[in-house]
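Participant: coords below, sequence missing:
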């Protein structure tokens, strides 16, 4: 069974502004993944483990004027950074939600009935029990909801992202998703960025 002690993630060793710059380097990937979700005006998206929030900001623009983004993170400093970024950009359709995906029940903080699309990217390698997180997310999402899950490839050289020993193999993650009740719709690897992504549907 895969699992890591709950440690301060490698991102917290640098400033949230620096992490935001790291996220910006993945912007083309995020655009692709939001496209997988067919995210558009009026949609409601949950960005689970948003960090400083580039994905939330990008999604917020796509779902205007009546859609909303629920940006979930357990670091209040990350949410404060996102709040400032959103204010500077004039974005007012992001709900900032402090919650720990490793422990908290999302049904108490995010309106699952309205969320049909979700992002869970570069998060699971941080939590001590990633399979439990996937089970809770499955229970929270409604049938037919879709989610993009992305992680770093342990076979990568480690030039970007967390150390290879902290990463999750794609085959292992795919099995966890299936075990939790998700159907894998598509998957893609990105060798240059040392990562992979899966689009899943909640059965």
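Facilitator: Done, it's in. Fair warning: this is a prediction, and the values are worked out from it, not measured in the lab. Numbers count the residues shown, from 1 in each chain.
Participant: got a list of contacts for stretch 28-37?
Facilitator: 23, 43, 45, 54-55, 58-59, 62, 117, 119, 121, 146, 148, 150, 186, 190, 193, 195, 197, 199 (Cβ atoms under 8 Å, 6 or more residues apart in numbering). C-betas here are computed from N, CA, C, even on glycine.
Participant: mind listing what's buried in it?
Facilitator: By neighbour count on 16 or more other Cβ atoms under 10 Å, the buried set for stretch 28-37 is 29-30, 33-34, 36-37.
Participant: now the helices for the protein?
Facilitator: Counting by DSSP state H, the chain has helices at residues 16-25, 27-36, 54-63, 76-89, 130-140, 170-180.
Participant: how far off centre is stretch 142-150?
Facilitator: In this view, stretch 142-150 has its centroid 11 Å away from the chain centroid, taken as Cα atoms, centre = their mean, to the nearest Å.
Participant: equivalent analysis for stretch 113-133, please.
Facilitator: Relative to the chain's own centre, stretch 113-133 is displaced by 6 Å; criterion: Cα atoms, centre = their mean.
Participant: end-to-end on that stretch?
Facilitator: End-to-end distance of stretch 113-133 (Cα to Cα, to the nearest Å): 19 Å.
Participant: for that stretch, buried residues please.
Facilitator: Quick answer for stretch 113-133 (16+ other Cβ under 10 Å): 115-127, 129-133.
Participant: output the lowest mean pLDDT helix or strand found in the protein.
Facilitator: Sorting the helices and strands of the chain by mean pLDDT, DSSP states H and E puts helix 16-25 at the bottom, at a mean of 87.
Participant: buried sites along stretch 162-178?
Facilitator: The neighbour-count check on stretch 162-178 (16+ other Cβ under 10 Å) flags 162, 166-168, 170, 172-174, 176-177 as buried.
Participant: most centrally placed residue in this structure?
Facilitator: Nearest to the mean C-alpha position of the chain, counting by Cα atoms, centre = their mean, stands residue 120 at 2.5 Å.
Participant: could you pull up the residues touching it?
Facilitator: Residue 120 sits next to 48-49, 137, 147-150 when contact means Cβ under 8 Å, 6+ apart.
Participant: report pLDDT for it.
Facilitator: We have a pLDDT of 98 for residue 120.
Participant: now the one 3 residues further on
Facilitator: We have a pLDDT of 95 for residue 123.
Participant: with residue 161 instead?
Facilitator: 87.
Participant: looks like it contacts residue 194 (just checking).
Facilitator: Yes - with contacts counted by Cβ atoms under 8 Å, residue 161 reaches residue 194, the gap being 5.8 Å.
Participant: wait, doesn't residue 151 sit right on residue 194?
Facilitator: No - counting by Cβ under 8 Å, residue 151 sits too far from residue 194 to count as a contact (9.9 Å).
Participant: so for the two, which sits in the more crowded spot?
Facilitator: Remark: of residue 151 and residue 194, residue 151 carries more neighbours, 25 against 21, as counted by other Cβ atoms under 10 Å.
Participant: which parts of stretch 89-97 are buried?
Facilitator: In stretch 89-97, counting by 16+ other Cβ under 10 Å, buried: 91, 93-94, 96-97.
Participant: what of stretch 190-203?
Facilitator: Here stretch 190-203 shows 190, 193-200, 202 as buried, counting by 16+ other Cβ under 10 Å.
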